[in-house]
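J.: Whatever this is, show me its structure:
(one chain, ligands or ions: 1)
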Amino acid sequence: MSPRPDDPVRPSPIEAIRDDLAAVDTLTAGMTKVTAGFLLQTPRPTLVECGPAVSIQSVIEGIRAHGLDPDDLAYLVISHIHLDHGGGAGDVAEAFPNATIVVHEVGVRHMVDPERLNASSKRVYGPLYDSVYGACTPIDEDRILGVGERETLDLGGGRRLELFQTPGHAKHHIGIFDPDTGDLFVGDSVGVKMPGMDVIRPATPPPDFDYVLAQRSLDTYLSLAPETVHLAHYGAVDPPMEALQEAKDRLEIWMEAAEAAWTDNADLDHVAETLGHRFASEVTDVDGDPDAKGRVELLSGIRSNAMGLVRYLDLKEQGRVAT
Ligand SMILES: [Zn+2]
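T.: Numbers count the residues shown, from 1 in each chain. Now for the predicted structure:
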């Protein structure tokens, strides 16, 4: 499934969404439509999300083949430092020597020295660490911009990106908003909706998932009244305001289901099994698309969601979460 080192690189497909915006399929895990990247074709070209290190050469080759001069990429913006979003950032920094790498301020030290991030990812992903994700390579600190409460990126020609912290899925998550076009890039903070899914599924993994912060971040998105909401997994959800409300509702439903199961028996296996009975049918086979279930299991499996929800409930019981 994943490319071997001697395989020729398959360039990422890049498709126009508009004149100034293109979708980049990062070909994560050797599958299509796993992690979306977005290329903002503004005077200062900007890539949003790059996917993991293992498939990063596809992204780099795809962008080159698309005609972008490697010297011209101004920014790579990563919604959060989980490896399916930013694992290849060090390779992008090397291939595009003028690009500034933009991450939440909490993520900066992990990009400069990824040893701990790589070690913890290896524990979380097991054998998939080597086949799907791969190690982050270090980035010089002077190439990185850490996003505090708010940040504005100058894209040239009067265009800009507004960045702001949107914790909940992870404490190092940011929202990325283009106020001129209304494009809102939300990483994993709205959830996932991939081929074969009729509803948005919340992404509630350990170790950071926080229900109150996640709902608050969704309220922040609603307050922006975006024209388009772009999920990292995978692509636009329509209509945007209804999708954001659906994400809030689905998150509440998952939280309530998890809490009911956890109250009954706080064991992870019990909660995961209960959530599986309730939500597994959300993902259906897609004719002609053998990867439909594999994608969801890779990125937003029920057990991973259960782990984050159980951890949150345990911490809440101990009075250790935001209220
Ligand atoms: Zn993700």
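
J.: Check the burial of the residue of the stretch 151-300 of the chain found nearest the ion by counting its neighbours.
T.: Checking the stretch 151-300 of the chain residue by residue against the ion with CB to the ion singles out Asp188 as nearest, at 4.3 Å. Yep, even glycine has a C-beta here, placed from its N, CA and C like the rest. Using other CB atoms under 10 Å, Asp188 has 26 other residues around it.

J.: just Glu105 next, same as before
T.: 16.

J.: With Glu141 instead?
T.: Here the neighbour count serves as a burial measure; for Glu141 (other CB under 10 Å) it reads 12.

J.: That one contacts Val112, doesn't it?
T.: Yes: with contact defined as CB atoms under 8 Å, Glu141 reaches Val112; the gap is 4.9 Å.

J.: residues of stretch 87-107 that come out buried?
T.: 87-93, 95-96, 99-107 (16 or more other CB atoms under 10 Å).

J.: go on, stretch 156-172?
T.: Buried residues in stretch 156-172, counted by 16+ other CB under 10 Å: 159-161, 163-172.

J.: Next one: the closest residue to Leu40 other than its chain neighbours from Phe96, what distance?
T.: Leaving out its chain neighbours, the residue that sits closest to Leu40 by CB to CB, 6 or more residues apart in numbering is Thr46, at 4.3 Å. Shown here: Thr46 relative to Phe96, a distance of 11 Å by CB to CB, to the nearest Å.

J.: ranges for the strands of the stretch 51-200 of the chain?
T.: Counting by DSSP state E, counting those that start in this stretch, the segments of the stretch 51-200 of the chain that form strands are 75-77, 100-104, 144-147, 150-156, 159-165, 174-178, 183-185.

J.: Does the residue nearest to Leu40 touch Leu68 like I think?
T.: No: taking CB under 8 Å as the definition, Thr46 is not a contact partner of Leu68, at 10.7 Å.

J.: anything in contact with each of these two?
T.: Leu39 (CB atoms under 8 Å, 6 or more residues apart in numbering).

J.: ok, now which ones touch Leu222?
T.: The contact partners of Leu222, taken as CB under 8 Å, 6+ apart, are Met241, Leu244, Gln245.

J.: Using the three-state scheme, assign the second one.
T.: When you say that, I think you mean Leu244. Put simply, Leu244 is helix when judged by DSSP: H, G, I helix; E, B strand; the rest coil.

J.: could you pull out the helices for this protein?
T.: Assigned by DSSP state H, the chain shows helices spanning 56-65, 83-86, 89-95, 108-112, 115-125, 128, 211-224, 240-264, 268-279, 292-300, 302-317.

J.: Reformat those helices as JSON lines; add mean pLDDT and distance to Glu151.
T.: JSON lines is the format used below for the helices of the chain (pLDDT from 0 to 100; distance: least, CB to CB, whole Å):
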{"stretch": "helix 56-65", "mean pLDDT": "98", "distance to Glu151": "23"}
{"stretch": "helix 83-86", "mean pLDDT": "97", "distance to Glu151": "16"}
{"stretch": "helix 89-95", "mean pLDDT": "98", "distance to Glu151": "17"}
{"stretch": "helix 108-112", "mean pLDDT": "98", "distance to Glu151": "12"}
{"stretch": "helix 115-125", "mean pLDDT": "94", "distance to Glu151": "21"}
{"stretch": "helix 128", "mean pLDDT": "93", "distance to Glu151": "32"}
{"stretch": "helix 211-224", "mean pLDDT": "98", "distance to Glu151": "15"}
{"stretch": "helix 240-264", "mean pLDDT": "98", "distance to Glu151": "22"}
{"stretch": "helix 268-279", "mean pLDDT": "97", "distance to Glu151": "36"}
{"stretch": "helix 292-300", "mean pLDDT": "83", "distance to Glu151": "27"}
{"stretch": "helix 302-317", "mean pLDDT": "96", "distance to Glu151": "27"}
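
J.: most neighbours per residue, which of those?
T.: Among the helices of the chain, judged by mean count of other CB atoms under 10 Å, the one packed with the most neighbours on average is helix 83-86 (a mean of 28).

J.: Take that one, keep the C-alpha atoms, and write them as PDB.
T.: Presented in PDB, the C-alpha positions along helix 83-86 are these (Å, rounded to 0.1, in the frame of the first residue of the first chain):
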ATOM      1  CA  LEU A  83       1.900  13.600  11.500                       C
ATOM      2  CA  ASP A  84      -1.000  13.100   9.000                       C
ATOM      3  CA  HIS A  85      -1.000  17.000   8.700                       C
ATOM      4  CA  GLY A  86       2.500  18.300   9.200                       C
END
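
J.: can you list contacts of that helix?
T.: Outside helix 83-86, the residues touching it (CB under 8 Å, 6+ apart) are 28, 34-35, 49-53, 78-80, 103, 107, 111, 117, 121, 125, 133-134, 136, 187-188, 232, 299.

J.: and Thr46 and Leu68? which has more neighbours close in?
T.: The neighbour comparison of Thr46 against Leu68 (other CB under 10 Å) goes to Thr46, with 24 against 17.

J.: quick one: the more buried one and Asp69, what's the gap?
T.: In terms of CB to CB, Thr46 sits 14 Å off from Asp69.
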